[in-house]
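# Generate coordinates for the sequence data below:
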Amino acid sequence: MGIKTIPLSRLEENLRATLNECADSGQAFVVELPNQRLVAIQALEATEDDSLVNDLLQSNPAFQALLAKSKASPRKPFVPGSER
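Numbering: from 1, shown residues only. Next up is the predicted model:
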């Protein structure tokens, strides 16, 4: 599996196509954000067990509280390119 670096503008231009490319190619994508920050996007197989999330759910009270707060709050749509 390789790693492909892309600018944020490419991800914003066509989010769905870029994410599909990441999932189909098996490559991890590193997105270059403003101020020289980086974010990695990696496809996961549907059958993969995410043990980190399970571990946090079972043993971390702060994570459990954050999850409960998130579940209780209203959902806002994701708008690419919007700053919050």
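# what's near enough to touch residue 43?
22, 23, 26 (CB atoms under 8 Å, 6 or more residues apart in numbering). Glycine gets a C-beta too; all of them are placed from N, C-alpha and C.
# Where does pLDDT dip in this protein?
Residues of the chain meeting the criterion pLDDT under 70: 1, 46-50, 81-84.
# mind redoing it with 50?
Scanning the chain for pLDDT under 50 picks out 84.
# Would you map the strands across it?
Assigned by DSSP state E, the strands in the chain fall at 3-7, 28-33, 37-41.
# tilt between the longest one and strand 37-41?
Angle between the axes of strand 28-33 and strand 37-41 is 150 degrees (criterion: axes from the mean of the first three to the mean of the last three CA atoms, to 10 degrees).
# one step back: for the contacts of residue 43, which single residue is the most surrounded?
Highest neighbour count within the contacts of residue 43: residue 22, with 18 neighbours (other CB atoms under 10 Å).
# And it, how close does it get to residue 32?
15 Å (CB to CB, to the nearest Å).
# likewise residue 11?
Shown here: residue 11 relative to residue 32, a distance of 10 Å by CB to CB.
# try residue 64
34 Å.
# before we move on, the earlier item: more neighbours: residue 11 and residue 32, which one.
residue 11 (21 against 15).
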